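Participant: below is the structure, and that's it, no one-letter string:
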């Protein structure tokens, strides 16, 4: 047991296994301690963080320390699958605050007030102490210093450099290098492997010694002056992972108190050995050793040997149980992580699907809008060109319409005339037996020759063509012929006879009179043509604004 000068404090102490289970939540807990963040209590260990990125786990005593001087033994295990890159580490706290606020300093907020001992496994930028990691360093903060890991002040803004900095391990005897980190890939790895840290505060000094499980001895790591740490502060433990990960497990924490600084220093070693023995026996489910009998007999010796064998079996069973729980915890965590990754992947696929659909919808709308804008722009351009063309042409498109209508009217009249001529020629053929039955025009005429030729050009020849002797426009004018004087169909040079008049059909007579303008239909035809042209011209002039 512990020396009389140092008394164990069961309110602040705990050791695996942890049998207590909360009736409401169904989770294990440690009496007198608050657990938060990613921390989880298992039967054989309390895991602050698992091998997962960005985790912070912590535990804080619910009752304050009421000892002026104290010594504590911490049993922990830092392990992982990786052999090269791992992090970040574990921290021991003795602080004024009764509430734990998460932050960047191994899972706790910066600017704390009290003591911090850091078991750092990741080397950020070592410029101050040039120590090899893993590294153990102690640091006291009065609440005004900013924590700078490994003295990494380069790259900091000027405003940050002006602040007071707290650098772990700074000063003589404030830290040491010790490879307490365990690789789970080694063949000699066991759940019984752990690291012990013995922390003693004796008023004006802080001493920390470490050792690994096994036959090895203690390494004196820290021995430094310490500012007064009053009673009423709270013990705590925390760990964190960043991009690099590790398992950070706590197996036991034993606290012994004393009212005398000298007693605390002198009895620290015996208290440490007593605490380690107590913790290990409890982990292996071995009861405290009983004093030997005063007069042992053969029977008692046999019973003792059998009891030792039974105890060895029980210890072996406890180790197997611990190992099984350790492995199952890792498997369970891996399955939970795989499930999370699968769910995240499914969610991401759904998001990508929605983004693709939304992108296609936006693209279609943008394309439609672009095409509509392009069509509208082209239409506006065409309208503008038409307006400019109308302004440049003076009369606009209406004068072009008038021109084409006049040309069309002319073409229509010309076709109509040719059709009438063709019908008249056909009648002449049917009445006289063809061109051979009609005599040729005679040069003998009752009237002057010029007058005869002017009349001839209006008379259709039976062959379908007008026979003009000569352009008589230069000839002397002649009196206007009467309609009856044109009633001849054969020889223009002879006077008309009843036989010739009979041979001329009524249709030929009407056509000749109409075309020559001497018949009853001639003036009407010319008047209608002139009226149509005048109306169209008036319409176009009014539409163009003239």
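Facilitator: Great, that's in hand. This is a predicted model, so every value here is computed, not measured.
Participant: okay, now the unreliable bits of the stretch 351-500 of the chain?
Facilitator: Of all residues in the stretch 351-500 of the chain, those with pLDDT under 70 make up the ranges 389-399, 424-500.
Participant: what segments of the stretch 301-450 of the chain are helices?
Facilitator: Using DSSP state H, counting those that start in this stretch, the helices assigned to the stretch 301-450 of the chain run over residues 397-432, 449-456.
Participant: the chain too?
Facilitator: For the chain, applying DSSP state H gives helices covering 158-161, 261-266, 268-283, 298-393, 397-432, 449-456, 498-503, 506-515, 522-543.
Participant: next, count neighbours for the closest residue to residue 248 other than its chain neighbours.
Facilitator: Distances taken as CB to CB, 6 or more residues apart in numbering put residue 239 closest to residue 248, at 3.6 Å, once the chain neighbours are dropped. Backbone N, C-alpha and C define where each C-beta goes, glycine included. For residue 239, the neighbour count with other CB atoms under 10 Å is 31.
Participant: I'd say residue 239 and residue 91 touch.
Facilitator: Yes: counting by CB atoms under 8 Å, a contact exists between residue 239 and residue 91, whose distance comes to 7.1 Å.
Participant: anything in contact with each of the two?
Facilitator: Shared contacts of residue 239 and residue 91 (CB atoms under 8 Å, 6 or more residues apart in numbering): 106-107.
Participant: any idea how far residue 246 is from the residue nearest to residue 183 when sequence neighbours are not counted?
Facilitator: Spatial nearest neighbour of residue 183, excluding adjacent residues (CB to CB, 6+ apart): residue 83 at 5.3 Å. According to CB to CB, to the nearest Å, residue 83 stands 12 Å off from residue 246.
Participant: neighbour-wise, which of those two wins?
Facilitator: Neighbours were counted for residue 83 and for residue 246 using other CB under 10 Å; residue 246 has more, 30 against 10.
Participant: show the model's pLDDT score for residue 205.
Facilitator: Per-residue confidence at residue 205 stands at 90 (pLDDT).
Participant: I'd say it and residue 224 touch.
Facilitator: Yes: using CB under 8 Å, residue 205 makes contact with residue 224 at a distance of 7.0 Å.
Participant: returning to what we had before: next, give phi and psi for the residue nearest to residue 183.
Facilitator: Residue 83 adopts backbone torsions of phi -110, psi -10, taken as degrees, to the nearest 10.
Participant: for residue 422, see how far away it is.
Facilitator: Relative to residue 422, residue 83 is positioned 114 Å away (criterion: CB to CB).
Participant: where are the low-confidence patches of the stretch 51-200 of the chain?
Facilitator: 124-131, 150-166, 168-169.
Participant: now do the strands in it.
Facilitator: Taking DSSP state E, counting those that start in this stretch to define them, one finds strands in the stretch 51-200 of the chain at 56-61, 69-80, 89-95, 102-105, 108, 113-120, 135-142, 146-147, 165-166, 175-177, 181-183, 195-201.
Participant: how about these, which one is nearest residue 353?
Facilitator: With respect to residue 353, and counting by CB to CB, the nearest of these is strand 56-61 at 34.3 Å.
Participant: tally of neighbours for residue 89?
Facilitator: 26.
Participant: equivalent analysis for residue 334, please.
Facilitator: One way to gauge burial is a neighbour count; for residue 334, by other CB under 10 Å, it gives 13.
Participant: that older thread, residue contacts, the residue nearest to residue 248?
Facilitator: For residue 239, the set of contacting residues under the criterion of CB under 8 Å, 6+ apart consists of 48-49, 56-58, 88-91, 106-107, 248.
Participant: for residue 16, list the residues it contacts.
Facilitator: Applying CB under 8 Å, 6+ apart as the definition, the contact partners of residue 16 turn out to be 43-46, 251-252, 282-283, 322.
Participant: list phi and psi for residue 109.
Facilitator: Comment: the main-chain dihedrals of residue 109 come out as phi -70, psi 160, following degrees, to the nearest 10.
Participant: quick one: low-confidence residue ranges for the stretch 201-350 of the chain.
Facilitator: Across the stretch 201-350 of the chain, residues meeting the criterion (pLDDT under 70) sit at 286-298, 316.
Participant: what about 50?
Facilitator: When residues are selected by pLDDT under 50, those of the stretch 201-350 of the chain lie in 294.
Participant: pretty sure residue 211 sits against residue 218.
Facilitator: Yes: between residue 211 and residue 218 a contact is recorded at 4.6 Å, counting by CB under 8 Å.
Participant: these two: who's more crowded?
Facilitator: Neighbour count, other CB under 10 Å: between residue 211 and residue 218, residue 211 has more, with 20 against 15.
Participant: what pairs with that one across the strands?
Facilitator: With DSSP bridges as the criterion, residue 211 is bridged to residue 196.
Participant: how many residues are close by residue 317?
Facilitator: Around residue 317 there are 12 other residues, counting by other CB under 10 Å.
Participant: let me redo that: residue 325
Facilitator: Count around residue 325 with other CB under 10 Å applied: 16.
Participant: once you drop chain neighbours, what's closest to it?
Facilitator: With CB to CB, 6+ apart, the residue lying closest to residue 325 is residue 44, at 5.2 Å.
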